[in-house]
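In: no sequence on hand, only this structure:
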């Protein structure tokens, strides 16, 4: 028998999923990456299983077969825009698939260590009248169900609220969009005009590799039932990001903002509880941006 | 075209469903009773459709075909014991079927007036760490989703928290259990020994017909997004109930309690918001019990 602990990573084809797969494999875990339908984009020697996590029976069979010691649940519908188009599908994917996983694991290994990746856009459940969109609703309910399964069935479940994750890899976030556009400009495939919505919008950007480090610490030392912010605690503007990219490219960027609102759209949080567990961000913002643009330079087509 | 307003009643085969069907039919609504699989136990001239409300597509097709003006959502998994056995099935039935109905109605008639029958056992969402069992979780999440659909999509949705409903008809509640046992004793089909768990347990008992009156008022005058307690505001013990039954039967009842805990298990609430809309309970407790035992005397086999 393989003596290594078995770790299921859902959403293994995603931005964070790829990094998590590499990270935990190197640490010696027997990692099984779960993807929906696509061919797994990892290396050939990586383990991959296909599963539609909104199918209750398929989830139960998968978990029964693998009997995981750890679960890192990263899969989800992560688009606010798509959540308005399909609120029910968003609930199915973000809420019910988490419940299906928790219940399936309860039946085969209730002491499994579980991390549910929530979202900085989910809200504090004490403030439910402030739900801004179906995406936030789905992630807020995912948190409530996860905490309930911990409480009702005494399971080991940690919930996280990661902020905007950046760094090398295929992501739909604004950092990747900007970096990939600049690379297109460098290759003369696009005019050097960068159109952004609001240069003054602020976000807490964290390197995805720092987030994966936090997941490792939380899977081992996180307190069951607790909700952990994963962020830097520092807000930066889109303007600040673009200024750094200007120094990282020879393209003479022209930047146009379609609106000029001021102020932060997302409340700044402090990752105090993670700091107490010994975690801190280790990759400087500039290094994340450099690695991001370098990724698109060396993999110009991979994310399409 | 039928000029009568179309009212869908889900759970039409249930205890409250039967009373609601009769009540709204007499008022002139075009009532369509939804049942899962069983043959509808109503009168022959009543309209009935079969639908598994946990099937998203079936719900969408049903609602698209009927295009209701009103929805009275009474269907659900109402057993705490069963919720421990199947927490996921309980979420599917109580949470997701409500979401499927709301979303289907949003697409065909967003101004439809909707009443979601919650439960006195659901908790205030500001106090989520107190969730006692999967049933409470499912009904609490049903409330959150209903309020969210009202807020996000500007729909007309009222949520209720009915207390223990009693009266004639087939119910799994303690009142029906006691009445039907006494009728069996009257027919010499059972020994005259009544075993109950706790004579001092208190409940707020309300006649189901008074609850249906409340549903009528709320469907017409309830404020969208509000949660309404439906109860008498009066706590009664099981002992009190049995004492009344002793006066309603010639059986010389012997009563045994298996435990002797004191105190109330369910917080007493006041139906203040319903009182403001002009509702008040009209059927005395004693009359509810008399009608219940009379129902079992004249329908000895119907609920089996």
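Out: Nice, I can see it. This structure is a prediction, so every number in the text was calculated from the model and none was measured.

In: for residue A:97, which three-state class applies?
Out: Reduced to three states with DSSP: H, G, I helix; E, B strand; the rest coil, the structure at residue A:97 is helix.

In: check residue A:275 and give its pLDDT.
Out: Model confidence at residue A:275, given as pLDDT, is 95.

In: what helix or strand does it sit in?
Out: helix A:272-276 (DSSP states H and E).

In: show me what that helix is in contact with.
Out: With CB atoms under 8 Å, 6 or more residues apart in numbering or on different chains as the test, helix A:272-276 has contacts from A:214, A:217-218, A:226, A:228-230. Using the backbone N, CA and C atoms, a C-beta is placed for each residue, glycine as well.

In: name the next helix or strand downstream of that helix, please.
Out: helix A:285-298.

In: and the contacts of that next one?
Out: Against helix A:285-298 from outside (CB under 8 Å, 6+ apart): A:166-169, A:175-176, A:179-180, A:182-183, A:186, A:205, A:207, A:236, A:241, A:244-245, A:248-249, A:303.

In: recalculate using a threshold of 6 Å.
Out: Residues outside helix A:285-298 that contact it (CB atoms under 6 Å, 6 or more residues apart in numbering or on different chains): A:166-168, A:175, A:179-180, A:183, A:207, A:244, A:248.

In: report the buried members of those.
Out: Neighbour counting with 16 or more other CB atoms under 10 Å in any protein chain shown marks A:166-168, A:175, A:179-180, A:183, A:207 as buried within those.

In: residue numbers of the stretch 51-200 of chain A in contact with chain B?
Out: A:88, A:91, A:99, A:103, A:125-126, A:128, A:131, A:137, A:144, A:148 (CB under 6 Å from any CB of the partner chain).

In: just the closest of the contacts of helix A:272-276 to chain B, please.
Out: Set against chain B, the nearest of the contacts of helix A:272-276 by CB to the nearest CB is residue A:226 (11.6 Å).

In: where does that closest one land on pLDDT?
Out: 94.

In: could you do residue A:1 as well?
Out: 69.

In: one more: the one 10 residues further on?
Out: Residue-level confidence at residue A:11 comes out at 95, pLDDT.

In: ok now do it, which residues does it touch?
Out: With CB under 6 Å, 6+ apart, residue A:11 has these contacts: A:17, A:74-75.

In: cutoff 8 Å now
Out: A:17, A:34-35, A:73-76, A:117.

In: identify the farthest-apart pair in those.
Out: Pairwise distances across those peak at 15.6 Å for A:35 and A:117 (criterion: CB to CB).

In: okay, these two: which has more neighbours?
Out: residue A:117 (28 against 21; other CB atoms under 10 Å in any protein chain shown).

In: isn't that one up against residue A:74?
Out: Yes - between residue A:117 and residue A:74 there is a contact under CB atoms under 8 Å: 4.9 Å.

In: list residues touching both of those two?
Out: What both residue A:117 and residue A:74 touch, as defined by CB under 8 Å, 6+ apart, is the set A:11, A:16.

In: before we move on, back to that, quick one: buried residues of the helix holding residue A:275?
Out: A:273-274.

In: likewise stretch A:69-83?
Out: A:69-78, A:83.
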